[in-house]
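S.K.: 3D, please:
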Amino acid sequence: MTVSAGSAGWYLRRLSRMGPREVGGRVGDAVRRRRWRSARPDRPRVTGARFTAVLPEGTIDAVPPDAAKRLVAEADRLMAGHAEFFGVVRDDLADPDWWYDPKTGRRAPQGYAFDVPYRNEDTVGDIKQIWEPSRHQYLTVLAAAYAVTGDERYAQRVAEHLRSWWAVNAPLRGVHWTSGIELGIRLLSWVWIRRLLDGWPGAAGLFEGNPVALDQIWHHQRWLAAFPSRGSSANNHVIAEAAGQAAAACAFGWFPSSERWRAEALRSLERHLRSNTFGSGLNRELATEYHGLVLELGLAAVAEADAACVPVPASVRLVLLRMTDALAAVVDDRLRPPRQGDADDGHGLVVDGAGTDRWGSLLATGEAVFGRLAWWPVVTGTDVRTPLLAALVRPTAPVVSRPAGRPAHFADAGLTILRGPEGIWCRCDGGPHGFLSIAAHAHADALSVEVRHDGVDVLADPGTFCYHGQPEWRQYFRSTLGHNTLQLDGVDQSVSGGPFLWTRHARSRVLAVDALGASHGGTAHWCAEHYGYRRSVHHRRVELTAASRELKVIDKVRGPRRAVRLAFHLGPAITAELVGNRAQLTWARDGEDRSAALDLPGQLRWRAHRGESDPPLGWYSAGFGRREPATTLVGTGFADGVEEFTTVLGFRG
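M.R.: Got it, this is the predicted structure:
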């Protein structure tokens, strides 16, 4: 059964996951929205506004030439009107329609912002397609191209688009005023646009000398102060709101409320960074891309505070340090992190061109700000963002000890990385289902594994693909069957109440782990179980042996006889030939042929699926809005509480 966000049933289930304090806060929000409908205040008068949060002299000279070249190439594509958002190619960005969704051909309705049913694709279109250009991160790319080249064409285009957006998106009118994360990220973009255009003669007239810009900046900050994400929604959204508010209140501190907004935003950032992050440094949503988003947002907020000489709570830097070390610990040999949980390609600050590695960039920034540890992977790529942020962030010596060796087991997050020779990398998931009572960005993936060889997905996490508008695809990509784990009786381990809502969470427990055995030439192992199925327990053991380059997965179900489906999703680069219960896997890497044999449990009947749509099965989503066929091997049968199902993946030379 698929459930749409925004239906009456969804709202009732959503309400059931809230506590009394959150309900009270949301009632207050509803009253405030009703009052704001007819009472839009005028912005306080601003005199003598100046922008002083400029880049230190010589910062642009530190941008590596190859990173600058990629940036300019991207900016030139944007100048020609070309861009791609979530798999949809657009050629209209020279003069965009800010409310148009090219995917569905729909245009969002105008009107009071809080009346717009933005989750309803039939009425609004795909809201992600509408929102993304209005984060104005493509304009930060154009502004960065101006800063690097001095070519005023880029600055003029930025000014044209900002004036266009401001003209048709008056405060509280339309879909761009409905979600706090959008307002927060947009404010952060505006701060960086103003900074990067500082050498352009029209910069002051576009921002501090422009009453329309001042109105927009003030109303964005007033909105964020009034409607923070709260309670069960206080995930990455509240971080984006606090980071954007803090950045704007520091860089655009021209209003009577600026000091209060800044203080409240930094308090919120400090509180929610801690609550959103495990002590080990991993993000509590257990969705890797949101780890990256939160880290980017936090670093950007600290940069603004440091540029304005505003004290930042020490715990903010500490959490960002731990997040950076955790990222360095979990990436594979090609600097790719796990593909765990939801992913929507969200970024905090974009100033780089296509081809820049996001995770390498974050690690480079971490090295510049915190210093690298000896066990960190080497970053060979370059980026624009690192020298810009590093020029603003005040270097501070860590006041806590950092890991002496590369962590492999994150007990609080239930995540374990097993590493073997030739870049064999295996992620084992024995952690919480997700974060907060709704676990909005979680997948039903308890005890799933993800295996790579030299950075190539062999046993892959299929990804996310979509959020709104295609409920059957949303359901599939977050389902138990959509992951490398075992499903009982055709249902998920956790119970979904809708696209961003889980009403019952599978509970997992790691029983034993030795993550370093294979890296020392022996055998690494991991063992866990989960209790998501009533009356049954799924127990899984994983062993990685270095000498034989062999990964073994042993599954057992304790409890009554149940129907079983065991799935293994292959990466899109893998070709599989299935004969009986053995699959021969082949792929290429850097011009070399690679292969492996996958011996599957003989007690199950195995079948290969690829690119099926009714129902969905056999797909891989490399990024939000994109999907491609990939082979999924599914074994069906029964578990009687006694038998073990053993799978062996053997890599060849």
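
S.K.: Name the helix or strand for the nearest residue to residue 459 once chain neighbours are set aside, please.
M.R.: Counting by C-beta to C-beta, 6 or more residues apart in numbering, residue 451 is the residue found nearest to residue 459 once chain neighbours are left out, at 4.0 Å. Glycine gets a C-beta too; all of them are placed from N, C-alpha and C. Assigned by DSSP states H and E, residue 451 belongs to strand 449-453.

S.K.: quick one: average pLDDT of the very next helix or strand once past that strand?
M.R.: Next helix or strand after strand 449-453 toward the C-terminus (DSSP H and E): strand 456-459. The average pLDDT within strand 456-459 is 98.

S.K.: who does strand 456-459 touch, helix- and strand-wise?
M.R.: Applying 3 or more C-beta pairs under 8 Å, 6 or more residues apart in numbering; DSSP states H and E, one finds that strand 456-459 contacts strand 449-453, strand 582-589.

S.K.: Quick check: which of those is buried the most?
M.R.: strand 449-453 (a mean of 25; mean count of other C-beta atoms under 10 Å).

S.K.: List the strands paired with it, with their directions.
M.R.: Applying DSSP bridges, strand 449-453 is found paired with strand 424-429 (antiparallel), strand 456-459 (antiparallel).

S.K.: Now do that strand against strand 582-589, angle only.
M.R.: Interaxial angle of strand 449-453 relative to strand 582-589 (axes from the mean of the first three to the mean of the last three C-alpha atoms, to 10 degrees): 50 degrees.

S.K.: Pull the distance from strand 449-453 to the chain's centre.
M.R.: Its chain's C-alpha centre and that of strand 449-453 lie 20 Å apart, by C-alpha atoms, centre = their mean, to the nearest Å.

S.K.: outside of it, which residues touch it?
M.R.: By C-beta atoms under 8 Å, 6 or more residues apart in numbering, the surrounding residues in contact with strand 449-453 are 332, 336, 338-340, 422-429, 457-461, 484-485, 542, 551, 553, 571, 589, 594, 596, 649, 651.

S.K.: circling back: quick one: the helices and strands packed on strand 456-459 as a markdown table, columns for mean pLDDT and distance to residue 500 too.
M.R.: Formatted as a markdown table, those follow (pLDDT from 0 to 100; distance: least, C-beta to C-beta, whole Å):
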| stretch | mean pLDDT | distance to residue 500 |
| --- | --- | --- |
| strand 449-453 | 98 | 23 |
| strand 582-589 | 97 | 34 |
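
S.K.: and those as a markdown table, adding distance to residue 643?
M.R.: Shown next, in a markdown table, are these (distance: least, C-beta to C-beta, whole Å):
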| stretch | distance to residue 643 |
| --- | --- |
| strand 449-453 | 20 |
| strand 582-589 | 19 |
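
S.K.: out of those, nearest to residue 169?
M.R.: strand 449-453 (40.7 Å; C-beta to C-beta).

S.K.: Using PDB, list the CA coordinates for that closest one.
M.R.: Presented in PDB, the C-alpha positions along strand 449-453 are these (Å, rounded to 0.1, in the frame of the first residue of the first chain):
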ATOM      1  CA  VAL A 449      25.500  -4.900   3.600                       C
ATOM      2  CA  GLU A 450      27.100  -2.800   0.900                       C
ATOM      3  CA  VAL A 451      30.200  -4.100  -0.800                       C
ATOM      4  CA  ARG A 452      32.700  -2.400  -3.200                       C
ATOM      5  CA  HIS A 453      35.900  -3.400  -4.900                       C
END
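
S.K.: now what about stretch 53-63, what contacts it?
M.R.: Outside of stretch 53-63, the residues within contact range by C-beta under 8 Å, 6+ apart are 71, 147-148, 191, 195-196, 198, 250-251, 304, 307-308, 384, 387-388, 391-392.

S.K.: now stretch 186-194
M.R.: 51, 53, 134-137, 139-140, 143, 158, 162, 176, 203, 206-207, 217, 220-221, 224, 243-245, 247-248, 251-252, 297, 300, 304, 348-349, 351.

S.K.: what about residue 563, how many residues close to it?
M.R.: Neighbours of residue 563 under the rule other C-beta atoms under 10 Å: 13.

S.K.: What of residue 286?
M.R.: 27.

S.K.: Ok, residue 355 next?
M.R.: 12.

S.K.: That one - that's part of a helix, no?
M.R.: No: using DSSP: H, G, I helix; E, B strand; the rest coil, the assignment for residue 355 is coil, not a helix.

S.K.: what does the model give it for pLDDT?
M.R.: 95.

S.K.: Same check on residue 417?
M.R.: pLDDT, read off for residue 417, is 98.

S.K.: Assign it to helix, strand or coil.
M.R.: Quick answer, by three-state DSSP: residue 417 is strand.

S.K.: Please look at it and residue 331 and confirm they touch.
M.R.: No: contact between residue 417 and residue 331 fails when scored by C-beta atoms under 8 Å: they sit 9.1 Å apart.

S.K.: and residue 26, what helix or strand is that in?
M.R.: Counting by DSSP H and E, residue 26 is found in helix 20-38.

S.K.: Enumerate residues external to that helix that contact any of its residues.
M.R.: 15, 18, 112, 114, 172, 226, 227, 230, 231, 232.

S.K.: Near the last one, how many other residues are there?
M.R.: Same thing as residue 232. 18.

S.K.: Could you report the separation of it from residue 599?
M.R.: As judged by C-beta to C-beta, to the nearest Å, residue 232 and residue 599 stand 44 Å apart.

S.K.: do the same with residue 462
M.R.: 22 Å.

S.K.: hang on, the earlier thing: scan the contacts of helix 20-38 and report the most crowded one.
M.R.: residue 227 leads those on contacts (other C-beta under 10 Å) with 21 neighbours.

S.K.: could you list every residue that touches that residue?
M.R.: Per C-beta under 8 Å, 6+ apart, neighbours of residue 227: 29, 32, 180.

S.K.: number of nearby residues for the last one?
M.R.: For residue 180, the neighbour count with other C-beta under 10 Å is 23.

S.K.: Same question for the one 3 residues further on.
M.R.: Counted with other C-beta under 10 Å, residues neighbouring residue 183 total 25.

S.K.: my guess is it is in a helix, correct?
M.R.: Yes: Residue 183 sits within a helix when classified using three-state DSSP.

S.K.: What pLDDT is listed against it?
M.R.: The model's pLDDT for residue 183 equals 98.

S.K.: Surely it touches residue 222?
M.R.: No: if you go by C-beta under 8 Å, residue 183 and residue 222 don't touch, sitting 10.1 Å apart.

S.K.: Can you report how many residues lie near residue 276?
M.R.: Counted with other C-beta under 10 Å, residue 276 comes out at 23.

S.K.: wait, what's in contact with it?
M.R.: 234, 235, 236, 239, 283, 284, 285, 294, 435.

S.K.: so how far is residue 581 from it?
M.R.: Residue 276 is 43 Å from residue 581, by C-beta to C-beta.

S.K.: all helices for the stretch 201-350 of the chain, in order.
M.R.: Along the stretch 201-350 of the chain, the segments classed as helices by DSSP state H, counting those that start in this stretch run 203-206, 211-226, 236-251, 258-275, 288-307, 314-330.
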